[in-house]
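Enquirer: Just a sequence and a predicted model for now, questions to come.
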Amino acid sequence: MIKVVFLRDKKSLEIEADNVSEVFSKLSILKEQYVAIKNGKIVCEDESLSKGDTLELFTVASGG
C-alpha cells in the first residue's frame, strides 16, 4: 500500500499503485493540478512506487 497525503487538505489515504500516474488515475485527479513528492523528493508521473512509500500531493496554484 502507498500512503497518499493531500498537503493542502491535510487528509490522507492508502492505495495500491505501481507508479505516480496510476495514483492520479485511480483517484480521478488531474496530474497538472499537483506536484508529487515521494519520500520528500519531487518526482515525475512515471516514478515507480513501492510498498511503504509516502506520496504527498501539493496543489499547484496559478493566477495573477
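Expert: Yep, it's here. Numbers count the residues shown, from 1 in each chain.

Enquirer: Count the residues that sit near the closest residue to residue 35 other than its chain neighbours.
Expert: Using Cβ to Cβ, 6 or more residues apart in numbering and skipping the chain neighbours, the partner closest in space to residue 35 is residue 58 (4.6 Å). From N, CA and C alone the C-beta is placed, and that goes for glycine too. Residues near residue 58, counting by other Cβ atoms under 10 Å, number 15.

Enquirer: what does the helix or strand encompassing residue 58 rub up against?
Expert: According to DSSP states H and E, residue 58 maps onto strand 54-59. For strand 54-59, contacts defined as Cβ atoms under 8 Å, 6 or more residues apart in numbering pick out 2-8, 20, 23, 29, 33-39, 49.

Enquirer: Parallel or antiparallel, list what pairs with it.
Expert: strand 2-6 (parallel), strand 34-38 (antiparallel) (DSSP bridges).

Enquirer: just how off-centre is it within its chain?
Expert: Mean-position distance between strand 54-59 and its chain equals 4 Å (Cα atoms, centre = their mean, to the nearest Å).

Enquirer: Of all the residues in it, which ones are buried?
Expert: In terms of neighbour count (16 or more other Cβ atoms under 10 Å), strand 54-59 has its buried residues at 55-57.

Enquirer: okay if I get the residues you listed as TSV plus pLDDT and distance to residue 14?
Expert: Below are those laid out as TSV (pLDDT from 0 to 100; distance: Cβ to Cβ, whole Å):
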residue	pLDDT	distance to residue 14
55	97	10
56	98	14
57	98	14
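
Enquirer: and which of those residues is nearest residue 12?
Expert: residue 56 (9.0 Å; Cβ to Cβ).
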